[in-house]
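Undergrad: Sequence isn't available, so here's the structure alone:
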């Protein structure tokens, strides 16, 4: 079991308000991703749940029990740190066994569980090495192994993939998702990378300056962002925002169109512009088109379309996919 | 890296320094060896003669030699024990955030800057003196008999004084090592259910192993040759209760004017120091490997 409820959680560092007040419910078995720009309080929130930081006020409940004053070890949570935080002087086996040893479990049971975890994570042949002799991805797996042997009620991940190279990151992303599928344990995952959030999450929590901007499934957030911040943060590349005359024409303060919802044509369309920079990714091409009276718009076209710097093109946004925002940046539906 | 040519040039250019240092070391060593085979007494100048191993025989069969040997080892071991245990505990304290941390850290190093003779005299006259010492006053205030430290526990008193001098060194080295410990490791251990004691023994102490090794090696070198503290406090007494090897050699050559015997003692001391060094490297040297 692992449902986690935050009630009016509030955190001050000295006089600095990091988290004004957060209410959040995480259901058992969910994969929840906290995402937001750096300094938005997502790691602090995770550490509050872990118990590594004390809440200034408010309550945290795990499976209905108030754990606000409970020390981290007693909360039944396991955490994977950004730096992995492996114990450098212990072998992989001892690293993974450490939480069990601290729990006073008997030797045979420890061995059984360590072997089991090593099997799941393909670490069997590395059990007698030191962390210093492992690659980044293997260290990551040891850190995860140390978390799963405890059979916690929830896993907490603090930007676990940020120290890995791009290819390995995609691999580990899949492995963590698969792990979630097989364990069905609640996982809370902190990242600043919205791609990780979109691909892994059951539920995304978008944070900004310690406030929850929106909670929802990846597609919900993509399709119906509640405000301009979420609209700009979720989706890659970023949504184009247009203010002024073009927005006024639709009777709102600002409109937003994602690059993939703008059609590019060489002979006719709504907006006329010239191609500035274009990024060729092979499958897609992202063109930065300078449109008079609107500004630069990023447009996604398929990789086959060939456009060059200085070409005149016409852009047409898909009317159904235009997001409308009022003066305060809230979405109008 | 360097080519063959430039390596040869480098050897040529550092050779004067190496030769100077070698001579600086080899001449006294050779003279000590030479004197150790001579019957050489300062009271009988001009009567020097070859005596073979007689000096060694007298020095090694002198009952004072075994006392001195034990005292030397007790002194080194005792001071190491006090400074490392005390140093770890002080480092743990100083690592906590508190008001005036910077000033306190500077104050902690202060005893290290006091020269040995001065600190030994301060301890002897102001703290441990059975009539005027602070401890004697404290004992009297409590209605107890003042304790005559240098008469009743001479070696322990000297261990105390020397420990006081070396504690700052150990503390500083261990403190810097402690500060380089990754906080996430401690947090991970906390999440893993390790209490404060387990965290200390399983995470902090292994992290400190290398720093402790450095402290042991450096301090041993200096502690084998403790001399000033003994000279100004107990003069090696009562009897030989606080005589270490260094002091015995001094007594042999300059109080008994037997330069030959003293030199033989010096050679014995060199051999013993090397035995200690080999033992240390065997025991803890592996901690220094990366």
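TA: The structure has been received and is ready for your questions. Only a predicted model underlies this, so the values are computations on that prediction, with no experimental measurement involved.

Undergrad: does chain B sit close to stretch A:4-16?
TA: No: residues of stretch A:4-16 contacting chain B under C-beta under 8 Å from any C-beta of the partner chain: none, with a closest distance of 12.8 Å. Glycine gets a C-beta too; all of them are placed from N, C-alpha and C.

Undergrad: show me what contacts residue 285?
TA: By default, I'm working from chain A. Residues in contact with residue A:285 (C-beta atoms under 8 Å, 6 or more residues apart in numbering or on different chains) are A:278-279, A:300-303, A:305, A:307.

Undergrad: other chain: chain B
TA: residue B:213.

Undergrad: ok so, going back, just the contacts of residue A:285 now: which is nearest chain B?
TA: residue A:279 (36.8 Å; C-beta to the nearest C-beta).

Undergrad: ok, and the most crowded of the contacts of residue A:285?
TA: Most neighbours among the contacts of residue A:285, by other C-beta atoms under 10 Å in any protein chain shown: residue A:301, with 20 neighbours.

Undergrad: quick one: that one is in a strand?
TA: Yes: assessed by DSSP: H, G, I helix; E, B strand; the rest coil, residue A:301 belongs to a strand.

Undergrad: Contact partners for it?
TA: Here residue A:301 is in contact with A:264, A:284-285, A:287, A:307 (C-beta under 8 Å, 6+ apart).

Undergrad: per-domain residue ranges of chain A.
TA: A:4-232, A:238-332 (automatic domain parsing).

Undergrad: what distance separates the last one from the centre of its chain?
TA: This means domain A:238-332. When C-alpha coordinates are averaged (C-alpha atoms, centre = their mean, to the nearest Å), domain A:238-332 and its chain have centres 26 Å apart.

Undergrad: Repeat that for the first one.
TA: When distances are taken as C-alpha atoms, centre = their mean, domain A:4-232 is centred 11 Å away from the chain's centroid.

Undergrad: who in chain B is up against chain A?
TA: Residues of chain B lying near chain A (C-beta under 8 Å from any C-beta): B:182, B:184-185, B:187-194, B:198, B:202-203, B:206-207, B:209.

Undergrad: Now list the buried members of those.
TA: Buried members of those, counted by 16 or more other C-beta atoms under 10 Å in any protein chain shown: B:182, B:184-185, B:187-194, B:198, B:202-203, B:207.

Undergrad: and the helix or strand where residue A:179 lies, what other elements does it pack with?
TA: In the assignment (DSSP states H and E), residue A:179 maps to helix A:166-183. Applying 3 or more C-beta pairs under 8 Å, 6 or more residues apart in numbering or on different chains; DSSP states H and E, one finds that helix A:166-183 makes contact with helix A:136-148, strand A:186-191, helix A:194-200.

Undergrad: got the angle for the second one vs helix A:166-183?
TA: The one in question is strand A:186-191. Orientation of strand A:186-191 against helix A:166-183 (axes from the mean of the first three to the mean of the last three C-alpha atoms, to 10 degrees) gives an angle of 160 degrees.

Undergrad: how far off helix A:136-148 does strand A:186-191 point, in degrees?
TA: Going by the same axes, to 10 degrees, strand A:186-191 makes 140 degrees with helix A:136-148.

Undergrad: what sits up against strand A:186-191?
TA: Under C-beta under 8 Å, 6+ apart, the answer for strand A:186-191 is A:2-4, A:26-35, A:42-43, A:45-46, A:49, A:153-162, A:176, A:180, A:196-197, A:200-201.

Undergrad: Any quick PyMOL command for the buried ones out of the residues you listed?
TA: Restricted to buried positions by 16+ other C-beta under 10 Å, the PyMOL selection for the contacts of strand A:186-191 reads:
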select buried, chain A and resi 2+3+4+26+29+30+31+32+33+34+35+42+43+45+46+49+153+154+155+156+157+158+159+160+161+176+180+196+197+200+201
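
Undergrad: so of the contacts of strand A:186-191, which ones are in helices?
TA: Residues of the contacts of strand A:186-191 located in helices (DSSP state H): A:42-43, A:45-46, A:49, A:176, A:180, A:196-197, A:200.

Undergrad: Taking the centroid of the chain, which residue is nearest it?
TA: Answering for chain A, as no chain was given. Here the mean C-alpha position of chain A is nearest to the C-alpha of residue A:197 (C-alpha atoms, centre = their mean), at a distance of 3.2 Å.

Undergrad: could you do chain B instead?
TA: Centre-nearest of chain B using C-alpha atoms, centre = their mean is residue B:223, 1.4 Å out.

Undergrad: next helix or strand past the helix or strand where residue B:17 lies?
TA: For residue B:17, the host element (DSSP H and E) is helix B:4-36. Moving toward the C-terminus from helix B:4-36, the next helix or strand (DSSP H and E) is strand B:38-39.

Undergrad: Residues touching that next one, excluding its own?
TA: B:47-51, B:54-55, B:259-260, B:263.

Undergrad: Now the buried members of the residues you listed.
TA: Among these, those buried by neighbour count (16+ other C-beta under 10 Å) are B:51, B:55, B:259-260, B:263.

Undergrad: Just send those back as CSV, with secondary structure too.
TA: Shown next, in CSV, are the buried ones among the contacts of strand B:38-39 (three-state DSSP):
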residue, secondary structure
B:51, coil
B:55, helix
B:259, helix
B:260, helix
B:263, helix
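
Undergrad: Check which helix or strand the nearest residue to residue B:169 once chain neighbours are set aside maps to.
TA: Excluding the flanking residues, the one nearest residue B:169 by C-beta to C-beta, 6 or more residues apart in numbering or on different chains is residue B:112, at 5.7 Å. Taking DSSP H and E as the criterion, residue B:112 maps to helix B:101-113.

Undergrad: Just tell me which of the domains of chain A ends up closest to residue B:41.
TA: domain A:4-232 (56.7 Å; C-beta to C-beta).

Undergrad: What is the linear distance spanned by the closest one between its boundary residues?
TA: 28 Å (C-alpha to C-alpha, to the nearest Å).

Undergrad: now the helices and strands packed on helix A:166-183 in a markdown table, with mean pLDDT?
TA: Shown next, in a markdown table, are these (pLDDT from 0 to 100):
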| stretch | mean pLDDT |
| --- | --- |
| helix A:136-148 | 89 |
| strand A:186-191 | 92 |
| helix A:194-200 | 89 |
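
Undergrad: Deepest-packed of the ones you listed, please.
TA: Of all the helices and strands packed on helix A:166-183, strand A:186-191 carries the top mean neighbour count, a mean of 25, counting by mean count of other C-beta atoms under 10 Å in any protein chain shown.

Undergrad: Can you list the strands that that one pairs with?
TA: strand A:31-35 (parallel), strand A:154-158 (parallel) (DSSP bridges).

Undergrad: could you dump those to a markdown table with mean pLDDT?
TA: Shown next, in a markdown table, are these (pLDDT from 0 to 100):
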| stretch | mean pLDDT |
| --- | --- |
| strand A:31-35 | 92 |
| strand A:154-158 | 91 |
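
Undergrad: Just put those strands in JSON lines and tack on distance to residue B:246.
TA: Putting those into JSON lines (distance: least, C-beta to C-beta, whole Å) gives the following:
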{"stretch": "strand A:31-35", "distance to residue B:246": "65"}
{"stretch": "strand A:154-158", "distance to residue B:246": "56"}
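
Undergrad: ok so, going back, in the helix holding residue A:179, what counts as buried?
TA: Here helix A:166-183 shows A:169, A:172-173, A:175-176, A:179-180 as buried, counting by 16+ other C-beta under 10 Å.
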